[in-house]
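mind folding the following:
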Amino acid sequence: MPIVGLICAVVFVPWAPLWLWLTPLPDSLQQQVNKATDFGLDGIIVYVNRTGKAPAFFSAGWKDREKQTLADPHSLFKIASISKLYIAAAATKMVHDQKLSLEDTLADHMPELVGRIENAEKITLRMMLQHRSGIPNFTDQPEYPWADLPKNNQETLALVLDKPAEFEPDLKYSYSNTNYLLIGEILDQVLGYNHHQYIRQEILMPLGLQNTYGSQSEVDLDQVMSGYFVGYEPDIKSNDHVNPGGSMIATAEDVGIFLRALNDGSLFNDEKQAIYSSVYEYEHTGLLPGYYSIARYHQDIDAVIIQFVNTSGKNTTLTSNVLYNRIVKIIHKD
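Okay, the predicted model is just below:
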């Protein structure tokens, strides 16, 4: 290998996740969670819900680095794209109740976008739910204002209007946050009120979830875990991500209870479950500056495992994924 290539290989190796991966598994889950801060993560929350066992809560590091407040497993957290599971569930209920059809087009509900979003007449609700619309992802746009976030859906949507489609509708899969922004707008239009109210009435309340919120405006920020970006010192939890599909805030326990209900059939009857299964997935990750979350159900051990980490940037997402996989292995051993 040429010397330049060797130097690059050494310099650019993601050392933190690599060393974490190579480290022997500790004896307990709490010991593993405690190690998270040794690998560049400011704070971590883990929630485990296994059938036949009491829910387990773990945390380590900082809830607020500046105030030296320790991580609290019951803190609120910005769950980012895990929000999409709730929107897909709401859309499922409305389709079942014939308030919507999966074959409704974007043009049917938002005719003003014909000519502004390519293929609006062909793109269906089903395609948007499945990320098969071809609509560009607003967070991929070079001009997306990360330092001064859009204040509403219209500002965000303007970033992709009049841009060419990524592909013809239903030709392939490509994740796009714009899909769920538009679905949120359609739900609001059909309901005549904000879809977060519908989610609360139809999903959260029946499950007894009192620590899940549609947006940052609904919560006391002091109750929210701080967020940090590698190389940027200030706490960025005050950044307000308002767009549907990325705006929700919840505790790990609330997300875990919702995810179990979504997976075990207690949220939907058979007809609704069939609709949901045809359009979206049963687990998700969420990533915003300062926040990374993983929400998964593991059928082989009948366990819901939620992990929140309040650090993003550099190799922290990879580190968080390695850490999550190690936590799953420890639970398997148990």
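
chain neighbours aside, what residue packs nearest to Y175?
Spatially, and ignoring its direct neighbours in sequence, Y175 is nearest to H131 (5.0 Å; Cβ to Cβ, 6 or more residues apart in numbering). C-beta here means a position set from N, CA and C on the backbone, and glycine is covered the same way.

same question for K93.
Computed as Cβ to Cβ, 6+ apart, the closest residue to K93 that is not its neighbour in sequence is E202, at 5.6 Å.

is the one you found in contact with A90, as I believe?
Yes - applying Cβ atoms under 8 Å, one finds E202 in contact with A90, separated by 6.7 Å.

count the neighbours of the nearest residue to L161 once chain neighbours are set aside for me.
Excluding the flanking residues, the one nearest L161 by Cβ to Cβ, 6+ apart is R116, at 4.5 Å. Neighbourhood size, R116 [other Cβ atoms under 10 Å]: 14.

you'd agree R116 is up against L159?
No - between R116 and L159 there is no contact under Cβ under 8 Å: 11.9 Å.

for the protein, which segments count as strands?
Secondary structure of the chain, counting by DSSP state E: strands at 43-50, 56-64, 69-70, 77-78, 212-213, 228-229, 249-250, 284-288, 291-298, 303-309, 311-312.

elements contacting the lengthiest helix in the chain?
Assignment by DSSP state H gives helix 316-333 as the longest helix of the chain. Applying 3 or more Cβ pairs under 8 Å, 6 or more residues apart in numbering; DSSP states H and E, one finds that helix 316-333 contacts helix 15-22, helix 29-34, strand 43-50, strand 291-298, strand 303-309.

which residues touch the closest residue in space to K122 that isn't next to it in sequence?
Spatial nearest neighbour of K122, chain neighbours left out: P169 (4.7 Å); criterion: Cβ to Cβ, 6+ apart. By Cβ atoms under 8 Å, 6 or more residues apart in numbering, the residues touching P169 are N119, K122, I123, T124, M127, R132, S133, G134.

kindly provide the distance from P169 to R132.
Using Cβ to Cβ, to the nearest Å, one gets 7 Å for the distance from P169 to R132.

next: H96.
Distance, H96 to R132, by Cβ to Cβ: 21 Å.

of those two, who's got more company?
Neighbours of H96 and R132, each counted by other Cβ under 10 Å, are more numerous for R132; the result is 21 against 17.

now the more buried one, what are its backbone angles?
Reported as degrees, to the nearest 10, the phi and psi values for R132 are phi -120, psi 30.

not counting sequence-adjacent ones, nearest residue to it?
Among residues not flanking R132 along the chain, D170 sits closest, at 5.0 Å (Cβ to Cβ, 6+ apart).

repeat that for E281.
That would be L85: by Cβ to Cβ, 6+ apart, it lies 7.8 Å from E281.

list the contacts of the one you found.
L85 makes contact with F258, L259, L262, Y280, E281, Y282, H284, A295, according to Cβ under 8 Å, 6+ apart.

tell me, which of the helices and strands packed on helix 316-333 is the model least confident about?
Mean pLDDT per stretch puts helix 15-22 lowest among the helices and strands packed on helix 316-333, at a mean of 82.

for it, packing partners?
Secondary-structure packing of helix 15-22 (3+ Cβ pairs under 8 Å, 6+ apart): helix 316-333.

quick check: buried residues in the helix it packs on?
Residues of helix 316-333 classed as buried: 316-317, 319-324, 326-328, 330-331 (neighbour count, 16 or more other Cβ atoms under 10 Å).

what's near enough to touch L323?
Counting by Cβ under 8 Å, 6+ apart, L323 has contacts L20, Q32, A36, F39, L41, I44, Q307, V309.
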